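In: From the sequence below, what's the structure:
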Amino acid sequence: MSSEGERRFHMVDVSSLTSVHHRAPRRAMLRTDDGVRIEAVYEPSAASVTETAVTGTAVTESAVAGTAATGRAGADRAGAGTAVVVAHGFTGAADRPAVRRAARAFAERGAAVVTFSFRGHGGSGGRSTVGDREVLDLSAAVRWARELGHARVATVGFSMGGSVVLRHAALERGTEGRVDAVAAVSAPARWYYRGTAPMRRLHWVVTRPAGRLVGRYGLRTRIDARAWDPVPLSPVDAVPLIAPVPLLIVHGDRDAYFPLDHPRTLAAAGDAELWLEPGMGHAENAADEELLARLGDWLTRR
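Out: Below is the predicted model of the structure:
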């Protein structure tokens, strides 16, 4: 699971697009810098769909297939503002109910939303490296949002996705692939944590051949058998590199995977806002409508 070249990204091979009229999702296959095909879905904000319905303006496929300028014009006609890119947790995917629920909530708060499946998950190619090379997948999705005309892009990640958005923001700060706001939900502060029973089970799934078979056929997640070499930048070491980009750390006080020292360590490592959520469990499956609405407001207004 090498992190070599993790700062070099590009997006190609966008296809299977549909009009954004009436909020029809726009689907694409993105290609990462290391050649992995990643499935992605774009949905306009609820506000832009209302505007489109009132004005009768349609957005064509040239928003992506044409030049960047054409893409920007097409997205602007749909009322483009902030795009929120959602990074799911381990064993998740773009079409999982919890991810779709989050996407709807963010769209209702005025954001366009890009969801995607990390490598080894859903309809994407490759194998999961459990947070290492997944930063390339997120970069492809962020760049697609920019190609669609969004000048402002925010990322939100859950669990494994939370660690990925932190590393991505640190590595891409000040570059063409930068983001404008970052929220990490239920993210670990450090690698190789085994202090809870769920994390010990997860390590068994990732590191043992029998576990990877369970991952492939039971959890629908294809896992790379190779160990990290080198070990990627840890989430807590990424946090100080993110400023001045606004950063939000969100964690439930009933998270069975990572206890509260993880979010507190992350928040203390840099300039971050911390939300400790009473009664909340782990990641996107535990995020209720009220929390998602607050997250959507924070991501679109920061």
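In: Is Gly296 in contact with Ala112, as I believe?
Out: No - in terms of Cβ atoms under 8 Å, Gly296 does not count as a neighbour of Ala112; the distance is 11.6 Å. To be clear about C-beta, it is placed using only N, CA and C from the backbone, and glycine gets the same treatment.
In: So those two - more neighbours on which side?
Out: Ala112 (32 against 26; other Cβ atoms under 10 Å).
In: Name the residues that touch stretch 293-302?
Out: Here stretch 293-302 makes contact (Cβ atoms under 8 Å, 6 or more residues apart in numbering) with 81-82, 84, 105-106, 108-111, 154, 156, 180-181, 183, 185, 246, 248, 250, 275, 287.
In: how about that stretch: buried residues?
Out: Judged by neighbour count (16 or more other Cβ atoms under 10 Å), stretch 293-302 contains these buried residues: Arg294, Leu295, Gly296, Trp298, Leu299, Thr300, Arg302.
In: gap between the last one and Ile38?
Out: Taking Cβ to Cβ, to the nearest Å as the measure, Arg302 falls 26 Å from Ile38.
In: What of the fifth one?
Out: Note on Leu299: its distance to Ile38, by Cβ to Cβ, is 21 Å.
In: now the second one
Out: Using Cβ to Cβ, we find Leu295 at a distance of 23 Å from Ile38.
In: same deal with Leu30?
Out: For Leu30, the distance to Ile38 - Cβ to Cβ - is 5 Å.
In: wait, which of the buried residues of stretch 293-302 is closest to Val135?
Out: Distance to Val135 across the buried residues of stretch 293-302 (Cβ to Cβ) is lowest for Leu299, with 19.2 Å.
In: Please identify the helix or strand for that closest one.
Out: For Leu299, the enclosing helix or strand under DSSP states H and E is helix 289-301.
In: can you give me the mean pLDDT across that helix?
Out: Mean per-residue pLDDT for helix 289-301: 96.
In: Tabulate the CA atom coordinates of that helix in PDB.
Out: Output in PDB follows, covering the C-alpha atoms of helix 289-301 (Å, rounded to 0.1, in the frame of the first residue of the first chain):
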ATOM      1  CA  GLU A 289     -30.900  14.100   9.900                       C
ATOM      2  CA  GLU A 290     -30.300  16.900  12.400                       C
ATOM      3  CA  LEU A 291     -26.600  16.400  12.400                       C
ATOM      4  CA  LEU A 292     -26.500  16.100   8.600                       C
ATOM      5  CA  ALA A 293     -28.400  19.400   8.300                       C
ATOM      6  CA  ARG A 294     -25.900  21.200  10.600                       C
ATOM      7  CA  LEU A 295     -23.000  19.700   8.700                       C
ATOM      8  CA  GLY A 296     -24.500  20.900   5.400                       C
ATOM      9  CA  ASP A 297     -24.900  24.400   6.800                       C
ATOM     10  CA  TRP A 298     -21.300  24.400   8.100                       C
ATOM     11  CA  LEU A 299     -19.900  23.100   4.800                       C
ATOM     12  CA  THR A 300     -21.800  25.600   2.600                       C
ATOM     13  CA  ARG A 301     -21.300  28.700   4.800                       C
END
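In: neighbours around Arg178, how many?
Out: Residues near Arg178, counting by other Cβ under 10 Å: 15.
In: My read is that it contacts Leu171, right?
Out: No - between Arg178 and Leu171 there is no contact under Cβ under 8 Å: 9.8 Å.
In: and Ala93, that's in a strand?
Out: No - counting by DSSP: H, G, I helix; E, B strand; the rest coil, Ala93 falls outside a strand, being coil.
In: From what I see, it and Ser117 are in contact.
Out: Yes - contact criterion Cβ under 8 Å: Ala93 and Ser117 qualify, at 4.4 Å.
In: shared neighbours of those two, which are they?
Out: Between them, Ala93 and Ser117 share these contacting residues under Cβ under 8 Å, 6+ apart: Gly123.
In: Quick check, pLDDT for Thr57.
Out: Thr57 is assigned a pLDDT of 37 by the prediction.
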